[in-house]
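Novice: what's the 3D shape of this:
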Amino acid sequence: MALRRGLLLLVGAVEVWLVVGCGSSDSNGNPNGLSGTLDLATFTIPAGETREATADLTVRTTGDLTVDGTLLIDAGVSVVLLAEGALTVRGQIKPAPGAARAAIDTRQAAPNNDLVLSGKSIDLINTGGVQADAGGSVYLVGADEIKISGSMTGGDGADGVAGRRAGQTGGSVQIGTESAITKATAKGAQAPTAPAQVKVSGTLQGGNGGNGLDNTVGTVIGTELAVTGGDGGWGGNVEVVATTRIDLTGGTLRGGNGGAGGDAGGGANGPVLHAASGTKAGEKGQDMSALSGHGGDGGNVALEAPTKVNLAAAGGGNGGDAGSVAVASGNGGPGGDGGDTSIGTGWRGGRGLPIIVFATEPKSPEVWVSGGGNGGDSADAQRKGGKGGTLVLPASAPTDFAKFVVTDYGNGGDGFYGCTGGASAATDGGDVGTAQNLPARTAARLGNQQTRPTLTDSFNGGCGGDGRPAGKKGLTGPDDSGNVLGVDGLDGADCGAGNVPRKVDAVQLKKDFTGSDGTVWKAGTIIKLSRITGGIVERGPSCTIAANVEARHLHANDVDKGVVIDGKSTIKETQGDHDSCGYGLIVQVCVP
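Specialist: Numbering: from 1, shown residues only. Predicted structure coming up:
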């Protein structure tokens, strides 16, 4: 590299520093690399040239220190520039592109990669920019005046990773603070002080907090699947201290934004994470415990001087979005109870100070619980339908959910069907589980209309099995606030002497059918009926009368073992609310 070293010449009684070039490199032989401690008369990176700090670097000059070109900083590297004269930046000081990010992701929350600038005066020209490495802070001290017409930014925090779920706190920008003076002293500055004046007509920005880790897999702990998202990192602060005056005319000072909390399970946009379902008779579904991450708080802006001009230029950072949850416990095996689900969600991050009136509002958490916690249908005369699982939120959970959607959860299983090959005793349908601390309203935040949580086909009692005697219906129940969540199942039917119904497990559509959600099922599609409220009654050899079968859990292209009615069945949608054994569909089946 073309590092300039100062040569001291004596001309009469006057000492003159000349800057001349000589070859050098870092310890790894990089011709543009810098590392270690350099004690020089003056130091310059010329315009159009680039140097790279490949390891911790300290440059101390007895004269001026100038960066007109570019100084790149490798990941995890500390850079200290100490000038007894003027320190001027017209170029760029910034992280090296494509630096080894693994070094950032695995280090501790308090990194040793700060950027320290000290000079009798400091001038960051409007063409220049200074940015610390990830999570690193920028510290400035200067005896006279610090002028910033360019941009200066703390390093953004690293996102959470496995083993360290939380996002890293964003780096701060500190000018003349006690922390800046302490940091500069530790790095070798001689008696650093707060500047007399600070003029900012450019931009000072705290680093943004890193996002918390999204956990889409979870860990089995005992009998449950536990999944926890990481918290978002806090935004970095901007703090300025001057002994006489701070002038922000034409400038902008912002705290860093908080990082987003990590999702638990699929989050707002991903698939629901399901715990394991039971497979053996009477086996309970696996329990689920989920907790999403908190959004990080926005960074603050703090100013301290006898005279402060244009304080409206200062504003705190935005809070980070809360993490969302998309999970469900496992379904019970045949006659087994559904698993229980416990959900906790993080809070939205708070705004930094001073608050900006029109700042972006962080998002509240979304909760999606679907396709789990259902009791299993009984497959033998010794078991009733499995009980539905519980859904519990802690009393300390946020109350401003953006969405809270529960679908196909906590239903009781159907009782045993005893009308196959004659008439035998059926069993009762399963009852539902309980729900605790469900939100009364959702989206209770600035500018958003509040709505009730959405519960669809959930917490309904199972249907009693058909047989002799028939099974009793499973019962729904209220949550802990007295709100009835679903409906009871239906009692089973007596097989009847000389009128033995046959169990129909699937039908084939005779014509195209469009559901209320817009789904189109083509003629010829086989539809499984996994739950039916009553048997099909045969009324003679010719198909003169079709009995109605109310069904729920209809799955296209899923053929169950049993009777398939070929070409003589139609399907239509009912009007009004569906009952516990239906999605609002009535399947008209004609048994030959």
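Novice: my read: residue 148 touches residue 124, true?
Specialist: Yes. The criterion here is Cβ atoms under 8 Å, and residue 148 meets it with residue 124 at 4.5 Å. (Each C-beta comes from the backbone N, C-alpha and C, glycine too.)
Novice: joint contacts of those two?
Specialist: Jointly contacting residue 148 and residue 124 under the rule Cβ atoms under 8 Å, 6 or more residues apart in numbering are residue 202.
Novice: Buried residues, the helix ranked longest in the chain. List them.
Specialist: Determined from DSSP state H, the single longest helix within the chain is helix 178-186. Using 16 or more other Cβ atoms under 10 Å as the test for burial, helix 178-186 gives 180, 181, 183, 184.
Novice: Please name the residues that touch the first one.
Specialist: Translated: residue 180. Each residue near residue 180 by Cβ under 8 Å, 6+ apart is listed here: 116, 139, 140, 141, 174, 192, 194.
Novice: Likewise for the last one?
Specialist: Taking Cβ under 8 Å, 6+ apart as the criterion, residue 184 is in contact with 82, 116, 118, 139, 141, 192.
Novice: Show me which of these is closest to residue 157.
Specialist: Distance to residue 157, by Cβ to Cβ, is smallest for residue 139 among these, at 17.3 Å.
Novice: what's the helix or strand for the closest one?
Specialist: Residue 139 belongs to strand 138-142 when assigned by DSSP states H and E.
Novice: relative to helix 178-186, how tilted is that strand?
Specialist: Using axes from the mean of the first three to the mean of the last three Cα atoms, to 10 degrees, the inter-axis angle of strand 138-142 relative to helix 178-186 is 80 degrees.
Novice: So which other helices or strands are in contact with strand 138-142?
Specialist: strand 115-119, strand 121-124, strand 173-175, helix 178-186 (3 or more Cβ pairs under 8 Å, 6 or more residues apart in numbering; DSSP states H and E).
Novice: List the pairing partners of the third one within its sheet, with orientation.
Specialist: Strands adjacent to strand 173-175 in the sheet, as given by DSSP bridges, are strand 138-142 (parallel), strand 238-241 (parallel).
Novice: May I have the distance across stretch 210-226, first residue to last?
Specialist: 23 Å (Cα to Cα, to the nearest Å).
Novice: The residue nearest to residue 348 when sequence neighbours are not counted: neighbour count?
Specialist: Closest residue to residue 348 apart from its sequence neighbours, by Cβ to Cβ, 6 or more residues apart in numbering: residue 362 at 4.3 Å. Residue 362 has 25 neighbours, counted by other Cβ atoms under 10 Å.
Novice: Distance of residue 362 relative to residue 229?
Specialist: Here the criterion is Cβ to Cβ, to the nearest Å. By it, residue 362 lies 15 Å from residue 229.
Novice: residues of stretch 204-221 that come out buried?
Specialist: Within stretch 204-221, the residues scored as buried using 16+ other Cβ under 10 Å are 204-216, 218.
Novice: Below-threshold pLDDT in the stretch 401-550 of the chain: ranges please.
Specialist: Scanning the stretch 401-550 of the chain with the threshold set as pLDDT under 70 gives 421, 441-452, 496-550.
Novice: From one end of stretch 256-263 to the other, what's the distance?
Specialist: 22 Å.
Novice: Stretch 159-178 too?
Specialist: The first and last residues of stretch 159-178 sit 29 Å apart, counting by Cα to Cα.
Novice: Just the mean pLDDT for it, thanks.
Specialist: The average pLDDT within stretch 159-178 is 92.
Novice: Report the buried residues of it.
Specialist: Neighbour-count burial for stretch 159-178 flags 159-161, 164-177 (criterion: 16+ other Cβ under 10 Å).
Novice: do the same with stretch 280-288
Specialist: 281, 282, 283, 284, 285, 286, 287, 288.
Novice: got the contact list for it?
Specialist: With contacts defined as Cβ under 8 Å, 6+ apart, stretch 280-288 is touched by 223-225, 227, 273, 275-278, 327-342, 372-374, 376, 379-380, 383, 386, 389.
Novice: Please state the offset of that stretch from the chain centre?
Specialist: Centroid separation between stretch 280-288 and its chain, computed with Cα atoms, centre = their mean, to the nearest Å, is 29 Å.
Novice: For that stretch, list the C-alpha coordinates in CSV.
Specialist: Once non-C-alpha atoms are left out, stretch 280-288 reads as follows in CSV (Å, rounded to 0.1, in the frame of the first residue of the first chain):
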residue,chain,number,x,y,z
LYS,A,280,-52.6,-45.5,19.1
ALA,A,281,-56.0,-46.0,20.5
GLY,A,282,-56.5,-43.7,23.5
GLU,A,283,-53.2,-41.8,22.9
LYS,A,284,-53.3,-38.1,23.6
GLY,A,285,-52.0,-35.6,21.1
GLN,A,286,-48.7,-33.9,22.0
ASP,A,287,-49.0,-30.6,23.9
MET,A,288,-47.7,-27.4,22.4
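Novice: And for residue 183, nearest residue in space, chain neighbours not counted?
Specialist: Spatial nearest neighbour of residue 183, chain neighbours left out: residue 139 (4.6 Å); criterion: Cβ to Cβ, 6+ apart.
Novice: So which residues of this structure form helices?
Specialist: 101-106, 178-186.
Novice: need the least confident one among the ones you listed, by mean pLDDT.
Specialist: Per-stretch mean pLDDT for the helices of the chain is lowest at helix 101-106 (a mean of 41).
Novice: hmm, back to that, list the contacts for the residue nearest to residue 183?
Specialist: By Cβ under 8 Å, 6+ apart, the contact list for residue 139 reads 114, 115, 116, 117, 174, 175, 177, 179, 180, 183, 184.
Novice: ok, back up a step: go through the strands paired with strand 173-175 and find the least confident stretch.
Specialist: strand 138-142 (a mean of 93).
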